[in-house]
Structure formats: C-alpha cells, structure tokens
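Chemist: Whatever this is, show me its structure:
(one chain, ligands or ions: 1)
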Amino acid sequence: MPTRYLVRRLRTSDLDRILEVEHLSFGKDAYDRNLFAEFAHKCGDLFLVVEQGRKVCGYMVTCIRGQRALGRAELASVAVDPTSRGKGAASALMESTLRRLRLRGIGRLGLMVKVTNHEARAFYEKYGFRKVRTIRGYYEDGRDGWLMARTEPRP
Ligand SMILES: CC(C)(COP(=O)(O)OP(=O)(O)OC[C@H]1O[C@@H](n2cnc3c(N)ncnc32)[C@H](O)[C@@H]1OP(=O)(O)O)[C@@H](O)C(=O)NCCC(=O)NCCS
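Modeler: Next up, the predicted model:
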C-alpha cells in the first residue's frame, strides 16, 4: 500500500523537528536555526513540511527571487529523515511546490546540488531538472556544485 503523506506550510512549532532532520541529513554542514527562521520569514508558503502519521518526516524550502528575476524561484533546500527515505516523501513535497509555483505563474525553478550527491541528482532529474553549469569549488569541502534548473512546459 502506498505511503500517505500530508504536505502543509511550516509552523513555528516544527522548527526543532526540521533542525533534527537537517542534522541527520547534512551533519556538520546543516543549516542553523537562524537561517531556517529567515527562510520562514522570506519564503512564506513555499516553506513546506511533509507529515506521515502526524510526524514531520521532511521539508522543502523554495524562495521566489527578487524583482529582477521575475518568474523565477530557487529551491533552497530539501531533506527527508533517513528512516523515511525512498517512499515518496520528497516527491510529495516537490509536487506541492511545483503546483504552488504554477499557480503563481512561476515557470523556472533553479537549485544547486553537490556533484557527488547522486540520490539528490537522481531525484531532481526525475522532476525534469537539467544541469545548467558546473560551479567549481562551490561547497565548503571544496567539491563542485551543479546549477540545475527546470522550466515548466507551456500548456
Ligand atoms: C534526496 C532526498 C530528499 C530524496 O528523498 P526521498 O523521500 O527518499 O525521495 P523519493 O522517495 O520521493 O524519491 C523520488 C525519486 O528520487 C530518486 N531517488 C531517491 N532516492 C534515491 C536513491 N537512494 N538512489 C537513486 N535515486 C533515488 C528516484 O528517482 C526516486 O524515484 P523512484 O522512487 O520512482 O525511483 C533524500 O535522499 C535526502 O533527504 N537526502 C539528504 C539531503 C539532501 O541531499 N538534500 C538535497 C540537497 S541538494
């Protein structure tokens, strides 16, 4: 039977759990509470969490870019609790995010991913993201990043 998920907007009371998922996912490279508070402030209803059986098991945060980049958004981060991976939680988050962007007429979504992060690359490619260019030494450990983007097909 497929796992049932509820995707909803972040609440302040979710922050501790988000930080837990973040640490389990990224270790010493985890974003801190201040950055998540800033995302909550700036990204509004594009900061989403996914619940399974009333427990938050992941999050996705997307920010709309400024006036000069009209019609564009950036996927700032996504993570799923390691014990909940491979069962569609990130897919539920992505589908909700893409639907919300479509409703706002935002057709282009960009992101950065570490070249060595094969799971994440496979996930993004499944949703139509393609590599735009390589950014050498983008990450703190010196690894390269891929700038990836997807454009919503015209109806
Ligand atoms: C990337 C991540 C968010 C995927 O979450 P998830 O809930 O396991 O993903 P889903 O179950 O929705 O999988 C969707 C698709 O992603 C791809 N995928 C996910 N995990 C994968 C893996 N271990 N190996 C290969 N492909 C994988 C597959 O294409 C999959 O589709 P399929 O089930 O039809 O094969 C999760 O692995 C994670 O939290 N990683 C650590 C944090 C991270 O790296 N975030 C991205 C930073 S740029």
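Chemist: so after the lengthiest helix in the chain, what's the next helix or strand?
Modeler: Secondary structure of the chain per DSSP state H: the longest helix is helix 89-103. Per DSSP states H and E, the first helix or strand lying C-terminal to helix 89-103 is strand 108-114.
Chemist: orientation of that next one relative to helix 89-103 in degrees?
Modeler: 150 degrees (axes from the mean of the first three to the mean of the last three Cα atoms, to 10 degrees).
Chemist: Now do strand 108-114: distance to the chain's middle.
Modeler: 9 Å (Cα atoms, centre = their mean, to the nearest Å).
Chemist: Using PDB, write out every CA atom in that strand.
Modeler: Provided in PDB are the C-alpha atoms of strand 108-114 (Å, rounded to 0.1, in the frame of the first residue of the first chain):
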ATOM      1  CA  ARG A 108      11.500  28.400 -13.800                       C
ATOM      2  CA  LEU A 109      12.900  26.700 -10.700                       C
ATOM      3  CA  GLY A 110      16.700  26.600 -10.100                       C
ATOM      4  CA  LEU A 111      18.900  24.900  -7.500                       C
ATOM      5  CA  MET A 112      22.400  23.900  -6.500                       C
ATOM      6  CA  VAL A 113      23.500  20.300  -5.800                       C
ATOM      7  CA  LYS A 114      26.800  18.800  -4.900                       C
END
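Chemist: and the nearest residue to Q52 once chain neighbours are set aside, what does it touch?
Modeler: Among residues not flanking Q52 along the chain, Y5 sits closest, at 5.7 Å (Cβ to Cβ, 6 or more residues apart in numbering). For every residue, glycine as well, the C-beta is placed using N, CA and C. Listed by Cβ atoms under 8 Å, 6 or more residues apart in numbering, the contact partners of Y5 are V50, E51, Q52, G88, A89, A92.
Chemist: Report the two of those residues separated the most.
Modeler: Maximum pairwise distance among those (Cβ to Cβ): 13.1 Å, between E51 and G88.
Chemist: Strands along the chain, start to end?
Modeler: 6-9, 47-52, 55-64, 72-80, 108-114, 130-135, 145-151 (DSSP state E).
Chemist: buried residues in the shortest one?
Modeler: Read it as strand 6-9. By neighbour count on 16 or more other Cβ atoms under 10 Å, the buried set for strand 6-9 is V7.
Chemist: what about it, distance to the chain center?
Modeler: Chain-centre distance of strand 6-9: 13 Å, with Cα atoms, centre = their mean.
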